[in-house]
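In: mind folding the following:
(chains A, B, C and D)
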2 protein chains.
Amino acid sequence: MALNPKVFEEVSKIFKAYLETKELRKTPERFAILEEIYSRTEHFDVESLFISMQEKKYRVSRATLYNTLDLLEDCFLVTRHQFGKNMSQFEKSFPNRQHDHLICTDCNKVVEFCDPRIYSIQKMMEETQSFKVIHHSLTFYASCTKKDCDNFGKNNSVYRQSENQSNS
Amino acid sequence: MALNPKVFEEVSKIFKAYLETKELRKTPERFAILEEIYSRTEHFDVESLFISMQEKKYRVSRATLYNTLDLLEDCFLVTRHQFGKNMSQFEKSFPNRQHDHLICTDCNKVVEFCDPRIYSIQKMMEETQSFKVIHHSLTFYASCTKKDCDNFGKNNSVYRQSENQSNS
DNA sequence: CTCGGTGCAAAGCTTTTGCATCCGC
DNA sequence: GCGGATGCAAAAGCTTTGCACCGAG
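Out: Numbering: from 1, shown residues only, chains lettered A, B, ... in the order given. Prediction:
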């Protein structure tokens, strides 16, 4: 929907370079998937990607989607998240800045944020632990204190309700 | 193996109070599962818990394990993690301090750490976003720079190898 | 022409559900 | 005794795999 041509050109280049480095083939399916992902603005799961691509010109199988997502994650063009129990969610990596997430446990609303202190923690970990950090994931699980939250007040008891893991 | 009686007595009390609050039954299975979890020192998954309990006196079903883990998570006696794609991992919450994880993408080794800066980020998020943070999850994915890492050097290319998600 | 990639369907694995039985309250 | 909890097995849901065919290099 909102594909930025310049961004797409740029990430295509990166993907091509990656495929060449790994001696993998530059198939039309792989670039169609990249294009579809970079047309999206929100987080998505494999199933919604599969449906979107079926509705359009391309007929790709789930197997190809999983394969390509692994490649795109490997070359840092998409980021994988594990918010819920049984489903990976993905998002494009560019032009987003590195960011993290706050998730409302009432309505599953996602707020993105960015904080330099995480980078300083990372630096310290690398120095003290002899690791090279490749990426990180920080998620706050929270309940909304605003009255306009879809589920305001549902979780104000001492113990949380069991969470609804489905997407809103 | 390493069950601390005082800790177990304490968490049993908490679990009892929780069950009473929710008007749920205090079944022997539930306390057997709590005991098994608090005998463990490492992260674990449902299957390994199932096998451990089968090898011992208690015969609990997977269904009961899942049910009880939900309850224990709900009253904060157990913490759930989503390190990999398709499997929840758990750990006891006490007497551990709040901590986070660094995972070696080569050998899946887990390092725990603790940093007060995360709490300050959380505080700021609560103030600016009108959310009450219930818990958080921060994980660094890293490759080891030490020669004694089980897989030292395997991931030193520009692009990561596809990760082995099985437990070491 | 070769062999990696694809689509399809079946299999795999974790987690959930249905139902008869059991037992805490 | 009532109704929630359990065990078992079957089902569900996401992901991977096997195989024949296709097409990029």
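
In: show the contacting residues for A:S88.
Out: A:D45, A:V46, A:R80, A:H81, A:Q82, B:K85 (Cβ atoms under 8 Å, 6 or more residues apart in numbering or on different chains). For glycine as for every other residue, the C-beta is placed from the backbone atoms N, C-alpha and C.

In: kindly report the same for A:V78.
Out: Counted by Cβ under 8 Å, 6+ apart, A:V78 has contacts A:I37, A:L69, A:L72, A:F90, A:E91, A:K92, A:S93.

In: repeat that for 6 Å
Out: A:L72, A:F90, A:K92, A:S93 (Cβ atoms under 6 Å, 6 or more residues apart in numbering or on different chains).

In: equivalent analysis for A:I121, please.
Out: Contact analysis of A:I121 by Cβ under 6 Å, 6+ apart lists B:D115, B:R117.

In: identify all contacting residues around stretch A:43-63.
Out: With contact meaning Cβ under 6 Å, 6+ apart, stretch A:43-63 is reached by A:E29, A:A32, A:E36, A:L65, A:M87, A:Q89, A:F90, A:E91.

In: endpoint to endpoint, that stretch covers what distance?
Out: End-to-end distance for stretch A:43-63: 20 Å, by Cα to Cα, to the nearest Å.

In: right, is it up against DNA strand D?
Out: Yes. On the criterion Cβ under 7 Å from any atom of the strand, stretch A:43-63 is in touch with DNA strand D at A:D45, A:V46, A:E47, A:R62, A:A63.

In: buried residues in that stretch, which are they?
Out: By neighbour count on 16 or more other Cβ atoms under 10 Å in any protein chain shown, the buried set for stretch A:43-63 is A:H43, A:F44, A:L49, A:F50, A:S52, A:M53, A:Y58, A:V60.

In: quick one: distance of that stretch to the chain centre.
Out: Put simply, stretch A:43-63 sits 16 Å off its chain's centre (Cα atoms, centre = their mean, to the nearest Å).

In: just to revisit the earlier point, looking at the contacts of stretch A:43-63, which gets the smallest pLDDT?
Out: Minimum pLDDT for the contacts of stretch A:43-63 is recorded at A:M87 (71).

In: still on that earlier bit, with pLDDT added, can I get the buried residues of stretch A:43-63 in CSV?
Out: Shown next, in CSV, are those (pLDDT from 0 to 100):
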residue, pLDDT
A:H43, 87
A:F44, 92
A:L49, 95
A:F50, 95
A:S52, 93
A:M53, 93
A:Y58, 84
A:V60, 94
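
In: now the two most distant members of those.
Out: A:H43 and A:Y58 (21.1 Å; Cβ to Cβ).

In: show me what the helix or strand of chain A with the lowest mean pLDDT is packed against.
Out: Least confident element among the helices and strands of chain A, by mean pLDDT, DSSP states H and E: strand A:110-113 (a mean of 82). Strand A:110-113 is packed against strand A:100-104, with contacts defined by 3 or more Cβ pairs under 6 Å, 6 or more residues apart in numbering or on different chains; DSSP states H and E.

In: quick one, what contacts A:Y141?
Out: Contacts for A:Y141 (Cβ under 6 Å, 6+ apart) come out as A:I103, A:T105, B:I134, B:H135.
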